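Undergrad: Task: produce atomic coordinates for the following.
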Amino acid sequence: MTIGKRTKAIREGVDREKSYPIAEAVKLVKDRAKAKFDETIEIAMNLGVDPTHADQMVRGVVTLPNGSGRTLRVGVFARGAKADEAKAAGADVVGAEDLVEKVSKGEIDFDRCIATPDLMPLVGRLGKASFSEDKLVENIKAFADAVQKAKPAGAKGHYINRVAISSTMGPGVKVEIPSLFGTGAAH
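TA: Alright, predicted model coming up:
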């Protein structure tokens, strides 16, 4: 497989084997978010759970600390009966792949969003690359804290095994797990 000049350039300076403190990881990702659109910053976490066991499902909601501060419009990523329930509950925007497509084009007409588990692979995103590094770090730490607090009782051994962040078009950057929680936090 041939790697293009652009890909080589954005990968330069990122050691794909090294884990970076969260602030440094965010800086590396932001510095490489050079697409002609506002790239999304994404997080991937490898958890030590077996989701086929009912007592090891990870669920939760987190309010990211850097909201807009105005009346909140709620978007729900759901389909079928769950979409109908969301509309009945007063969600401002409801959709599945169609909503993901709108958001990816920059049409975000909601302030907070939730998603049904089946749509999480399409939605698991934290914020846009235009956020300041400090705001991205705060959002990522809040997300990691919510995941930590949602640790199922049935989960044994290490819970958060690996964490990486990336921009839409950028390379993945591994994150030092302790840097997400301050010093000495258990994971």
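Undergrad: Where do the helices of the protein begin and end?
TA: For the chain, applying DSSP state H gives helices covering 5-11, 22-31, 81-88, 97-104, 120-123, 133-149, 178-181.
Undergrad: Worst mean pLDDT among the ones you listed?
TA: Least confident of these, judged by mean pLDDT, is helix 120-123 with a mean of 72.
Undergrad: still on that earlier bit, dump the helices of the chain into TSV; add mean neighbour count as well.
TA: Just so you know, the C-beta spots here come from the backbone N, C-alpha and C atoms, and that holds for glycine as well. Output for these, formatted as TSV (neighbours: other Cβ atoms under 10 Å):
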stretch	mean neighbour count
helix 5-11	12
helix 22-31	20
helix 81-88	14
helix 97-104	16
helix 120-123	12
helix 133-149	18
helix 178-181	19
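Undergrad: so which of these gets nearest Glu39?
TA: Among the helices of the chain, the nearest to Glu39 by Cβ to Cβ is helix 22-31 (8.9 Å).
Undergrad: picking that back up, I'd like to know which of the helices of the chain lies nearest to Ser167.
TA: Of all those, helix 22-31 sits nearest to Ser167, with 5.3 Å by Cβ to Cβ.
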